[in-house]
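1. Here is my input; please provide its structure:
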Amino acid sequence: MIEYAQWLVDGVVGFIQAHQAWAAPITFVLAFLKSLAFVSLVVPSTLILLAIGGLIGASHIDFVPVWLAVTIGGGLGDWTSYAIGYRVKDRAHHMWPFTRHPTLLPRGEAFFVKWGAMSVVLCRFFSPLRATVPLLCGIFEMPWTIFQIANWVSAPIWAFALLAPGSVLAGWIR
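-> This is a model prediction of the structure:
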């Protein structure tokens with residue numbers, strides 16, 4: 001798995017370095033996949049996005065279009081996970097991984113009840129929970145408007161937190 005992740009990171013970052021015009025579309029797709037429930041477990045997007053942040057600072061890639069692409073990709077990925085959760089809410093306890101780990105749903109519900117909309121904001125910054133919480137918000141029927149406010153308020157902050165450190169550090173070193 002580590003070799004796969006390294007190969008993917010090297011390939012994507014190398015491609016963007018050679019074809020800078022593709023930075024925003026690729027980061028949009030990576031952020032979207034990173035925010036989809038369970039897909040995020042197999043796509044090492046966080047490493048790639050951090051590396052792209054460094055690439056922004058070390059080259060002439062404009063920060064704002066890439067930041068917007070990550071923001072929109074992450075927000076739409078969470079929206080999709082919420083929609084999936086809402087659609088399967090009555091059948092969720094019969095689906096993987098909840099069938100193999102029956103305590104996940106009750107624990108998720110307790111977390112969701114305790115934190116409400118803040119769960120969306122807080123968990124965006126913790127990789128395994130990033131895509132799971134929007135799914136749980138749909139399953140447990142968080143009001144759509146509240147979810148979307150939390151989703152779209154936290155998405156640009158998350159995108160900035162991923163891209164800015166590498167961009168600033170690489171800019172200073174350059």
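
2. From now on I want contacts and neighbour counts done on CA atoms only, so please keep to that.
-> Fine.

3. quick one, what contacts S45?
-> If you count contacts by Cα atoms under 8 Å, 6 or more residues apart in numbering, S45 has them with L30, A31, L33, K34.

4. Can you tell me what sits against stretch 71-83?
-> 27-37, 131-132, 134-139, 148, 151-152, 155-156, 158-159.

5. How far off centre is that stretch?
-> 8 Å (Cα atoms, centre = their mean, to the nearest Å).

6. And stretch 144-159, by the same measure?
-> With Cα atoms, centre = their mean, you get 12 Å for stretch 144-159.

7. picking that back up, report the buried members of the contacts of stretch 71-83.
-> Among these, those classed as buried by 16 or more other Cα atoms under 10 Å are 27-37, 131-132, 134-139, 148, 151-152, 155-156, 158-159.

8. Do you have the strands of this protein handy? List them.
-> Assignment of strands within the chain using DSSP state E yields no ranges at all.

9. Helices along that one, start to end?
-> Per DSSP state H, the chain carries helices over the ranges 2-18, 23-34, 45-58, 63-88, 104-115, 118-123, 127-130, 132-139, 144-173.

10. For W96, find the nearest of these.
-> W96 lies closest, by Cα to Cα, to one member of these: helix 104-115, at 10.6 Å.

11. Got the phi and psi for the spatially most central residue of the chain?
-> Nearest to the geometric centre of the chain sits S35, at 3.4 Å (Cα atoms, centre = their mean). Main-chain dihedrals, S35, degrees, to the nearest 10: phi -100, psi 0.

12. how close does D78 get to T99?
-> Using Cα to Cα, to the nearest Å, D78 is found at 23 Å from T99.
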